[in-house]
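1. what shape does this take:
(one chain, ligands or ions: 2)
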Amino acid sequence: MSLTPAPDQKSAGANSPAPRSAADPRPGLSGLAEGVLEAWLAAEGHPAYRVRQIRDAVWRMNAQTADELNTLPVALRSRVGETFRVDTIAADEVTVADRGLTEKTLHLLSDGALIESVLMHYPARGFQSVGRPTHRERHTLCISSQAGCAVGCPFCATGELGFGRDLEAAEILDQVRHAALRLADGGSGRQLTNVVFMGMGEPLLNLDRVLEAVAALADPRRFGLGARHVVVSTSGVVPGIRRLTQLGPQFTLAVSLHAARDPLRDVLVPLNRRWPVAEVVAAARDHARVTGRRVSYEYVMISGVNDTNADADALGVLLRGDLAHVNLIPMNPVAHTPWQASSPDRVATFAARVRRNGVGVTVRANRGQDAGAACGQLAANRAGEPPAGAVAHRREVIIRQSEAALRGARNTEMPADLQEAVADPITGRGATN
Ligand code: SAH
Ligand code: SF4
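-> Numbering: from 1, shown residues only. Ligands and ions are numbered 1, 2, ... in the order given. Here you go, the predicted structure:
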């Protein structure tokens, strides 16, 4: 199947107009807030037990059309279909990589926006003499929270696309339902074990919708996944982290740090120009202290840019004594960056220096590079190659800014799209209530 992006998304970039809401006004069934379906059914004169039948069709059967709500009378099925979208995703295109261990899906939404999710299979390992594995089989889904992203990290394909729009809760959850349906295909009995918000977009800039989605994932009557099996990754939206801390432990928080020093992080994660390293780490530290949950720090390793011994020492000192763990990820060379991944030797040396400070470190493998599995890469490929002049300019700006950063100069200039995105970080600009 071929998915064609909307004209807006085709040219998506920091300065291009992009769709800001789904085209179909009917709310998605999977994202309905508590009580909405109950009230609607009552108003239509139906008994309360229909709620459970609809909920089960959505969450147990992963129904995608009103016809699949087959425990309902036919007339009610069509009323539900007129009022709600049983599925908010119009079409999927799946690409398999890593000899079947990674499946990357490009999802087409009702307004033509394209988003991505990645399903990663981890076979059971570490068999003991009795034949039981020490590590059970896992199936982890990486999902998107926005179409595009305003933060604009220069090594990220989603960042290069620019911001499209916030996703609705149902658009976030339907990525999960689609993966669950594929996994269970053929009666294999396989189930998703982990969901991570590490796909396209900055989840804490669409926090209301992300929290609704997390609540549905945790609810035993809906998806029923334990809080320990959900990870939300942020590039450092400090008011969002503080709001999560007030709410108590809902999931594991991951912070995309990528640099411990402000001048470099200003370039690698432009949101640092608004909320610098010390503020991000202070908020994450409070989060760990209050919730008792360890915070993960993601650190993409870029050769000659953020992988020096000085960077490792700064990172170790910054996190020393914290309830924290560092994941080092060799950069996937995408998004027309002028950079390369650090060598395995450099990553190992870096990890050892961070560990010297008593900070736990894991070196993570990149999954699915042959399927373009750095998030946003499939959508970026579909959007087409930007003009050569734009690519050359992008590289020149990245090199100039990173060279200045390596000399210690701060960059506090906020790009217009990012300025707008952080204007109301608590409710998010796309929030409807
Ligand atoms: N916006 C959020 C969540 C989505 S990005 C955030 O930045 O945390 C999820 C992770 O993928 C981030 O840690 C990000 O830095 C990483 N990532 C993005 N582009 C990458 C690349 N080219 N190579 C390796 N990791 C990348
Ligand atoms: Fe956005 Fe995360 Fe990509 Fe940065 S790494 S541009 S915050 S999606």
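2. give me the three-state assignment for the residue of the chain most remote from its centre.
-> Most distant residue from the mean C-alpha position of the chain: Gly45, 39.6 Å away (CA atoms, centre = their mean). State at Gly45, reduced to three classes by DSSP: H, G, I helix; E, B strand; the rest coil: coil.
3. for it, grab phi and psi.
-> Note on Gly45: backbone dihedrals following degrees, to the nearest 10 are phi 80, psi 30.
4. also Val238?
-> Dihedral pair for Val238: phi -60, psi -50, per degrees, to the nearest 10.
5. next one: the one 10 residues further on
-> Note on Gly248: its backbone torsions stand at phi 90, psi 180 [degrees, to the nearest 10].
6. contact partners for the closest residue to it other than its chain neighbours?
-> Among residues not flanking Gly248 along the chain, Thr291 sits closest, at 6.3 Å (CB to CB, 6 or more residues apart in numbering). (Glycine included, C-beta is placed from N, CA and C.) Thr291 sits next to 245, 248-249 when contact means CB atoms under 8 Å, 6 or more residues apart in numbering.
7. I figured Asn332 was touching Arg364, is that so?
-> No: counting by CB atoms under 8 Å, Asn332 stays clear of Arg364, with 11.4 Å between them.
8. higher neighbour count, these two?
-> More crowded of Asn332 and Arg364, by other CB atoms under 10 Å: Asn332, with 21 against 14.
9. got the residues of this structure near ligand 1?
-> By the criterion of CB under 6 Å from any ligand atom, the positions of the chain lying close to ligand 1 are 149, 155-156, 198, 202, 233-235, 256, 298, 300, 329, 331-332, 334, 374-375.
10. quick one, which of the contacts of Thr291 are buried?
-> Buried members of the contacts of Thr291, scored by 16 or more other CB atoms under 10 Å, are Thr245.
11. which member of the contacts of Thr291 is positioned nearest ligand 1?
-> Ranked by distance to ligand 1 (CB to the nearest ligand atom), the contacts of Thr291 are led by Thr245 at 17.3 Å.
12. quick one: contacts for that closest one?
-> So Thr245 contacts 283, 286-287, 290-291 (CB under 8 Å, 6+ apart).
13. give me the three-state assignment for the residue of the stretch 301-433 of the chain found nearest ligand 1.
-> As assessed by CB to the nearest ligand atom, ligand 1 sits closest to Asn332 within the stretch 301-433 of the chain, at 3.5 Å. Asn332 carries the three-state label coil when classified by three-state DSSP.
14. from Gly376, how far out is it?
-> Computed as CB to CB, to the nearest Å, the Asn332 to Gly376 distance reads 10 Å.
15. about what we covered before: show me the contacts of Thr245 that map onto strands.
-> Using DSSP state E, no member of those sits in strands.
16. just the buried ones from these?
-> Buried among the contacts of Thr245 (16+ other CB under 10 Å): 283, 287, 291.
17. ok, the first one - contacts?
-> Applying CB under 8 Å, 6+ apart to Ala283 gives the contacts 238, 241-242, 245.
18. hmm, try it at 7 Å
-> 238, 241-242 (CB atoms under 7 Å, 6 or more residues apart in numbering).
19. likewise for the second one?
-> With contacts taken as CB under 7 Å, 6+ apart, His287 has the following neighbours: 241, 244-245, 253, 295.
20. and of the contacts of Thr245, the nearest to Asn309?
-> Lowest distance from Asn309 to the contacts of Thr245 (CB to CB) belongs to Ala283, with 27.6 Å.
21. can you pull the contacts of Asn327?
-> Counting by CB under 7 Å, 6+ apart, Asn327 makes contact with 296, 298-299, 362, 364.
22. of those, which is the most crowded?
-> Within the contacts of Asn327, Tyr299 tops the neighbour count with 27 neighbours, counted by other CB under 10 Å.
23. doesn't that residue fall inside a helix?
-> No: counting by three-state DSSP, Tyr299 falls outside a helix, being strand.
24. quick one, what contacts it?
-> When contacts are counted by CB under 7 Å, 6+ apart, Tyr299 is found next to 257-258, 326-329.
25. give me that answer again for 8 Å
-> 257-258, 306, 315, 326-329.
26. same question for Glu168.
-> By CB under 8 Å, 6+ apart, the contact list for Glu168 reads 22, 27-28, 31, 88, 209.
27. just give me the least confident of these.
-> Minimum pLDDT for the contacts of Glu168 is recorded at Ala22 (64).
28. check for me that Leu108 belongs to a strand.
-> Yes: when three-state DSSP is applied, Leu108 is found to be in a strand.
29. so it touches Ala90, yeah?
-> Yes: judged on CB under 8 Å, Leu108 makes contact with Ala90 at a distance of 4.7 Å.
30. what about the strands in the stretch 301-433 of the chain?
-> For the stretch 301-433 of the chain, the strands defined by DSSP state E, counting those that start in this stretch cover 324-330, 360-363.
31. which one of those strands lies nearest to ligand 2?
-> Set against ligand 2 and scored by CB to the nearest ligand atom, the strands of the stretch 301-433 of the chain come closest in strand 324-330, at 10.8 Å.
32. which neighbours does the closest one have in its sheet, and in what orientation?
-> Strand pairing for strand 324-330, using DSSP bridges, gives strand 295-301 (parallel), strand 360-363 (parallel).
33. where do the helices sit along the stretch 301-433 of the chain?
-> Taking DSSP state H, counting those that start in this stretch, the helices of the stretch 301-433 of the chain run over residues 309-319, 344-355, 377-383, 388-406, 416-421.
34. so how far is the shortest one off the chain centroid?
-> To tie it back to what came earlier, the one meant is helix 416-421. Offset of helix 416-421 from its chain centre (CA atoms, centre = their mean, to the nearest Å): 19 Å.
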